[in-house]
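Novice: Have a look at this prediction, sequence included:
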There are 2 protein chains.
Amino acid sequence: MPHTARTAASRQNGGRYGTRPTMKDVAAQAGVGLKTVSRVVNGEAGVSSDTERRVQEAITALGFRRNDSARVLRKGSTASIGLVLEDLADPFYSPLSRAVEEIARAHGALLINGSSAEDPERERELALALCARRVDGLIIVPASDDHRYLEPEIAAGVATVFVDRPPGRIDADMVLSDSANGAREGVTHLIAHGHRRIGFIGDHPRIHTARERLRGYREAMADAGLPSPDSWMALGGTDPERVRADAARMLAGPEPVTALFAGNNRVTVTLVRVLAEIAEREHPVALVGFDDFELADLLSPPVTVVAQDPAELGRSAAELLFRRLDGADDPPRRVTRPTRLVTRGSGEVPPPA
Amino acid sequence: MPHTARTAASRQNGGRYGTRPTMKDVAAQAGVGLKTVSRVVNGEAGVSSDTERRVQEAITALGFRRNDSARVLRKGSTASIGLVLEDLADPFYSPLSRAVEEIARAHGALLINGSSAEDPERERELALALCARRVDGLIIVPASDDHRYLEPEIAAGVATVFVDRPPGRIDADMVLSDSANGAREGVTHLIAHGHRRIGFIGDHPRIHTARERLRGYREAMADAGLPSPDSWMALGGTDPERVRADAARMLAGPEPVTALFAGNNRVTVTLVRVLAEIAEREHPVALVGFDDFELADLLSPPVTVVAQDPAELGRSAAELLFRRLDGADDPPRRVTRPTRLVTRGSGEVPPPA
DNA sequence: ACCACATCTGACAACGTTGTCCAGACCTCG
DNA sequence: CGAGGTCTGGACAACGTTGTCAGATGTGGT
């Protein structure tokens, strides 16, 4: 075992720590021209097998690795794409990210990704940093509602696809779930099970999907001839404390809601906790959540959800992106993917008699 | 609203679709020298405010964005780090990834990441591709057990930190959880609650953490003077069907195990399902899982786990990496983080009388 | 012996940026 | 009014690769 990897390996390197051999060095070592090395490295034809062998040996001896920065500069394409989303660690977005990665890999591209943390300025910084790196394409889960800052980039040829939420003030490809209809279906389901007072707790209305889901809720209530007073709607974000307070408020008073609709997975999980805590004291409250989540079926009661398929969103977006990179230049398209109501129990709890 | 973003923006560009303005173009537009533009773009001193203004206007007019590829080539540092892990979508790794991203961001670096899918060859390809891109540093969750392929890279100055599992056949920085002691503690906990026949279901023994956890299990059994026959140990990976079959086998027969220890979060979740399915027919089986997971506390019974903190692993690894990038060159260090037994119920189920 | 042709190889410019170095304009002070 | 300094701006080389093109060598046909 070497003393340290660093010293051990730098011995191979003649001790030139931090200096990498270039094709020129390889050429000198092999006694051939620079371009011949380039040909060998890129598997181009027209190199005799004897020369190729000599070059390969020199490459191994020096530990040469092609500098892709220089290659990118010369060739103009980076074989990498950027993904900007809200939070890489969110169980909704991580499958999306993974799906994008798989498609990218299939196209020989690397994935650079960053979390915007729902901050428009941070989204912008990230997206522009990725453009400066000359990513070939960009997939964005918007935090901002104005993407005009991307116009020069798109004009310069950076293929751009928006996913989960639409772009703001520019026309571009997008892949969305049908939030409004999904929410409407979920709320209608609660109404069908006898509920008349239903609360909606969702994310900030500046987020497109949150607005759409709220709209679906309102439409479902209106369609059933039910009121939906402001006190039954909370749009304060997904902070657990905030959600708890909102839920407590809706569940208190003389006319408490008998069912809750959660606007996304974060809210659903918090509400599951809240309802579990009060389960022993009160009549059970029905719950339907937007977004599926792991183990939803093992809770008691199992949680009924309006499911979307985040991996499928990612796949669609990435495929659309690579279609563009392959040269498709038809007008921007909007892909809408349906949601699916998964009934498991919590959404079928009847209201108190 | 523009007809399409592409055509709208390319109008700004004089219609030169796919061609980006360079500093030279900006210089010509502003009527200054090339280097002056560079100075403005980089906020260097020595440019009069009048000249600066003219340059800024030219930049905006042309939609110029610095080409970081060229910059990287000239400067030698990419301000980006690579992360290779098993699966970006795994709820254990996604917080790790996010934590690395945050630290990278704090140091002004971008994160390029890829999933090895537990395939050594894929890990190698990814890591070397990242090195070819000249990432400043590399964080790796190994799938391979031989990392000598990285020696030339490390010698050339690519800081490298291994996380969650140790490197193979090279000496390098690493950040690990204390898997063996964690598993021992978990199994000892089951023994303390009266269990004598305890099964272990874990990942492939080629994975270091899987071996360590198995070792912890064996030591705990041996310390208590209990046997641990092969039939109580399954190391076939995390495929749900496989895990189900293994569990079924251990729970059948005249001397079934009365408790199960799960080697990671994937296995735990599958076992939760299995135990839920048989809960009504048989005496409840105790369960302790390695890795915490969301909603573990809301299942019935709530799941006792040996918790590690993946975000903390990621943070530690990234901090170690940036310490190296800042020039620290003390010998490679091994950081071990303790695990924490979280008792919730499933691990305190007694054996049948 | 000679030419036509194919095969192999290398010199050179270019990609877009930054570091070095020098020139000129302008100021200050003796 | 000149010497010395400061500020501003630009010419040029270099980073490591790839595309172009032309030169060198070898082979076969006449």
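Specialist: Perfect, thanks for sending it.
Novice: So which bits of the helix or strand where residue A:277 lies are buried?
Specialist: According to DSSP states H and E, residue A:277 maps onto helix A:265-278. The neighbour-count check on helix A:265-278 (16 or more other Cβ atoms under 10 Å in any protein chain shown) flags A:265-275 as buried. Placement of C-beta: from N, CA and C, glycine included.
Novice: what comes into contact with it?
Specialist: By Cβ atoms under 8 Å, 6 or more residues apart in numbering or on different chains, the residues outside helix A:265-278 that reach it are A:90-92, A:201-203, A:238, A:240, A:243-244, A:247-248, A:251, A:260, A:262, A:284-285, A:287, A:289-293, A:299, A:303, A:305, B:294-295, B:298.
Novice: could you dump that helix to PDB, C-alpha only?
Specialist: Extracted C-alpha coordinates of helix A:265-278, given in PDB (Å, rounded to 0.1, in the frame of the first residue of the first chain):
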ATOM      1  CA  ASN A 265     -46.500  15.900  -1.100                       C
ATOM      2  CA  ARG A 266     -44.900  18.100   1.600                       C
ATOM      3  CA  VAL A 267     -48.200  19.300   2.800                       C
ATOM      4  CA  THR A 268     -49.700  15.800   2.600                       C
ATOM      5  CA  VAL A 269     -47.100  14.400   4.900                       C
ATOM      6  CA  THR A 270     -47.500  17.100   7.400                       C
ATOM      7  CA  LEU A 271     -51.300  16.600   7.400                       C
ATOM      8  CA  VAL A 272     -50.900  12.900   7.900                       C
ATOM      9  CA  ARG A 273     -49.000  13.700  11.000                       C
ATOM     10  CA  VAL A 274     -51.600  16.200  12.200                       C
ATOM     11  CA  LEU A 275     -54.400  13.900  11.600                       C
ATOM     12  CA  ALA A 276     -52.600  11.000  13.300                       C
ATOM     13  CA  GLU A 277     -52.200  13.200  16.400                       C
ATOM     14  CA  ILE A 278     -55.800  14.000  16.700                       C
END
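Novice: gap between that helix and the chain center?
Specialist: Helix A:265-278 has its C-alpha centroid displaced from the chain centroid by 24 Å (Cα atoms, centre = their mean, to the nearest Å).
Novice: repeat for stretch A:197-210
Specialist: With Cα atoms, centre = their mean, you get 20 Å for stretch A:197-210.
Novice: How about the contacts made by whichever residue of the stretch 101-250 of chain A sits closest to DNA strand D?
Specialist: The nearest approach of the stretch 101-250 of chain A to DNA strand D comes at residue A:134, 13.4 Å away (Cβ to the nearest atom of the strand). Each residue near residue A:134 by Cβ under 8 Å, 6+ apart is listed here: A:72, A:76, A:78, B:67-69.
Novice: In helices, which of those residues appear?
Specialist: Mapping the contacts of residue A:134 onto helices (DSSP state H) picks out A:72, B:68-69.
Novice: And the strands in chain A?
Specialist: In chain A, the segments counted as strands under DSSP state E are A:80-85, A:110-115, A:137-140, A:159-163, A:173-177, A:198-201, A:233-234, A:259-262, A:286-290, A:304-307, A:334-337, A:340-342.
Novice: mind checking pLDDT for the residue most central in space within chain A?
Specialist: For chain A, the residue nearest the mean C-alpha position is residue A:93 (4.2 Å; Cα atoms, centre = their mean). Confidence at residue A:93, expressed as pLDDT, is 97.
Novice: That one touches residue A:311, doesn't it?
Specialist: No - judged on Cβ atoms under 8 Å, residue A:93 makes no contact with residue A:311 at a distance of 10.5 Å.
Novice: quick revisit: got a ChimeraX select line for the buried ones in the contacts of residue A:134?
Specialist: Buried members of the contacts of residue A:134, defined by 16+ other Cβ under 10 Å, are picked up in ChimeraX with:
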select /A:72,78 /B:67,68,69
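Novice: Give me the lowest-pLDDT entry from the contacts of residue A:134.
Specialist: Across the contacts of residue A:134, the bottom pLDDT score, 89, is held by residue A:76.
Novice: Spatially, which residue comes closest to that one, not counting chain neighbours?
Specialist: residue A:134 (7.9 Å; Cβ to Cβ, 6 or more residues apart in numbering or on different chains).
Novice: And residue A:319, by the same measure?
Specialist: Of all residues not flanking residue A:319 in the chain, residue A:103 sits nearest, at 6.1 Å (Cβ to Cβ, 6+ apart).
Novice: confidence score at that neighbour?
Specialist: pLDDT at residue A:103 comes out at 98.
Novice: Residue A:137 versus that one, what's the distance?
Specialist: The spacing between residue A:103 and residue A:137, counted by Cβ to Cβ, to the nearest Å, is 11 Å.
Novice: Now the common contact residues for the two.
Specialist: residue A:322.
Novice: Tell me which of the two has more neighbours.
Specialist: Per other Cβ atoms under 10 Å in any protein chain shown, whichever of residue A:103 and residue A:137 has more neighbours is residue A:137, with 25 against 21.
Novice: so who does the residue nearest to that one when sequence neighbours are not counted touch?
Specialist: Among residues not flanking residue A:137 along the chain, residue A:159 sits closest, at 3.9 Å (Cβ to Cβ, 6+ apart). Taking Cβ under 8 Å, 6+ apart, we find residue A:159 in contact with A:136-138, A:321, A:324-325.
Novice: What of residue A:338?
Specialist: By Cβ under 8 Å, 6+ apart, the residues touching residue A:338 are A:177-178, A:181-182.
Novice: likewise residue A:95?
Specialist: By Cβ under 8 Å, 6+ apart, residue A:95 lies in contact with A:310-311, A:314, B:89.
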